[in-house]
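> task: produce atomic coordinates for the following.
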Amino acid sequence: MTSIHDRPAPRARALTVRATFAALVVATAALYVHSLGSVPVYVGGDEARFATVAASLASTGRDLGGTRLPLFFHMSESIAEDTGGTRWYQPLLFYVLALTFRFVPLGERTIRLPVALIGVVDVVLMYFVARRLLGARWAALAAALLALSPAHVIFSRQALDYICPLPFVLGWLWCLSAALESGRGSLAFASGVVAGAGFYSYIAAWVAMPLLVLLACLVLYRSREGGARLAGAAAAGFALPVVAAVAWMSVHPDMWRDTIGRYTVFDPHRLSISRGLTAFFTPANMRDRVSVYWDYYNPSYLFFSGGSNLSTATRRAGVFLLPVGAFLVCGCYDVCRRGGSMRTVLLAGVAIAPLPATLLGERYAIQRELVLLPFATLIAASGVAFLVQHAAPLARAAAFALLLAIAVQFVLFYRDYLGDYRVRSALAFDPANIGGVADVVLASNAAAVPSIYLSEDLDDVAARWRFHLVAHRREELLARTSLFAADTIALQRVPAGSLLVLYANDPAVARFLESERCAVAAVVTDPAGNDLSVILRKVG
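Predicted coordinates for the structure are as follows:
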């Protein structure tokens, strides 16, 4: 029998657990907000869209097109936001940013701060989910594994909605596990409500959330006598928030048509839904989609490169740190060995995560499958527990060596992220450095410039230009700004003193200079000193 002196003091243990948890949250927050305004180096096009629309919501209660408190947001590619377009965005991040801008001004750092806080919330929620599923001993470890995942770090530092589904997935996991344990219909209903609210977080949630709720219904139905009641409660909870989207889209059918067409699932303007789905589910298309799906489990992608685009990965670290791969293998073995409903949910969640990207035929698009992170992290934490508690000393030694390797690799990843990655990823975020263009224009006598012409070839130039003018509180220049096509613009009609902005390597630059109608006003470079864009001044 264990004596009372051999037992850890409950109060001391509780204080240690709380201190560890608090230290983890503070460290995560410090990592996620450090140099937030300068890494990434430029504001991306979608970041600019979210920010400027949210600023309009905060000040007027309307989006840039004049719609009051919309459920979904319609975007234009024009300087004039009321000209229409095919881009539609989910509402959650717009309203989160709008709430932020009620208290702080718009800027590179402030637009990213709410997303960084969402990342911290993910870590907090992971702690409580892991505490329920794995036990208090491993909760902080699971939260740390999520906090140190390169993909989670990267997307917690961009004002984009890719990371927004994660708090809902984690909340859904907690409610589902509690419902399975207690058999309470209210918790099953809450799991559905949380997943339904997550439907409005990011477009990939349109696929992921219904599948997760279907998974929950199956697990609840099989869990106990009366499981049908629990499954029905989860389904009803999901339907409650989602019915608003269905009703809204029935009145605004262009929203779902434009979205399906934009992501090239099929052409909804030419085909009916039934014919479009028939055209999509052909044997050749399904073979290609299976190939895409399988690529999302490619170890090179998961543990070495992390994605195909420098705006979503450093290309020198994977979605997960390399040692996590060993824990995932052990965790999958442990989960299969132990069985149980929630362990089945974790494996099924890993299987569901790539489906939104697979539907679109996109390979290695980690932003489309970020819901993978909570499921894989919990499985990896289970693998750590399996090795640490193993009877073989070699297994325990391997666990501690791998944990040390995680810490070392994260330091290398984070140093690269704040350093060289900031430079080499610049073009992925803004290949023209429109922020630098705005700085040059505003530093000159902008009031004396009759018109500003932005080449329509510049990537997301309308959104970026609007953002930088709003950030500098110079929105009045929008009225003097227009987009132009270099091949068709009539230079003789451009007022003298006007500015024209083009890519530095645009062939039209040499043509405009040779015409003697323009002179170089400034050249804008990237952090490495490479010429990105050129500002021409129309001469008299």
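
> what separates Val292 from Gly361, distance-wise?
6 Å (C-beta to C-beta, to the nearest Å). Using the backbone N, CA and C atoms, a C-beta is placed for each residue, glycine as well.

> more crowded one of these two?
Taking neighbours as other C-beta atoms under 10 Å, Val292 and Gly361 compare with Val292 leading, 18 against 15.

> tell me how far that one lies from Tyr263.
14 Å.

> just Val96 next, same as before
For Val96, the distance to Tyr263 - C-beta to C-beta - is 24 Å.

> what sits up against stretch 171-187?
Outside stretch 171-187, the residues that touch it by C-beta atoms under 8 Å, 6 or more residues apart in numbering are 125, 128-129, 132-133, 188, 190-191, 194-195, 198, 212, 216, 219-220, 223-224, 226, 229-230, 233-234, 341-342, 345, 374.

> okay, and which of those residues map to helices?
125, 128-129, 132-133, 188, 190-191, 194-195, 198, 212, 216, 219-220, 223, 229-230, 233-234, 341-342, 345, 374 (DSSP state H).

> name the element the residue nearest to Leu187 when sequence neighbours are not counted belongs to?
The spatially closest residue to Leu187, leaving aside those adjacent along the chain, is Ala179, at 3.8 Å (C-beta to C-beta, 6 or more residues apart in numbering). Assessed by DSSP states H and E, Ala179 sits inside helix 165-182.

> would you mark the buried spots in that helix?
Going by neighbour count (16 or more other C-beta atoms under 10 Å), the buried part of helix 165-182 is 165-180.

> from these, pick the one nearest Pro40.
For the buried residues of helix 165-182, the residue nearest Pro40 by C-beta to C-beta is Leu166; the value is 19.7 Å.

> for that closest one, which non-adjacent residue is closest in space?
Nearest to Leu166 is Asp122, by C-beta to C-beta, 6+ apart, at 4.8 Å.

> kindly report the same for Phe304.
In space, Phe304 is closest to Gly318, 5.1 Å off (C-beta to C-beta, 6+ apart).

> so the one you found touches Leu328, yeah?
No: counting by C-beta atoms under 8 Å, Gly318 stays clear of Leu328, with 11.5 Å between them.

> neighbours of Arg480, how many?
Arg480: 16 neighbours (other C-beta under 10 Å).

> would you list the phi and psi of it?
When read as degrees, to the nearest 10, the backbone of Arg480 gives phi -100, psi 10.

> measure it to Val17 for me?
60 Å.

> for Ala521, same thing?
61 Å.

> which regions of the stretch 201-350 of the chain sit below the pLDDT cut-off?
264-269, 271-272 (pLDDT under 70).

> quick check: can you list the domain ranges of this protein?
4-131+138-251+282-423, 430-538 (automatic domain parsing).

> just name the most buried of these.
Of all the domains of the chain, domain 4-131+138-251+282-423 has the most neighbours on average by mean count of other C-beta atoms under 10 Å, namely a mean of 19.

> coming back round to it: residues contacting the residue nearest to Leu166?
Leu146, His152, Ser156, Ile163, Leu166, Pro167, Leu170, Pro374.

> ok, the third one to Leu404 distance?
Going back to what we said before, that points to Ser156. Taking C-beta to C-beta, one finds Ser156 at 24 Å from Leu404.
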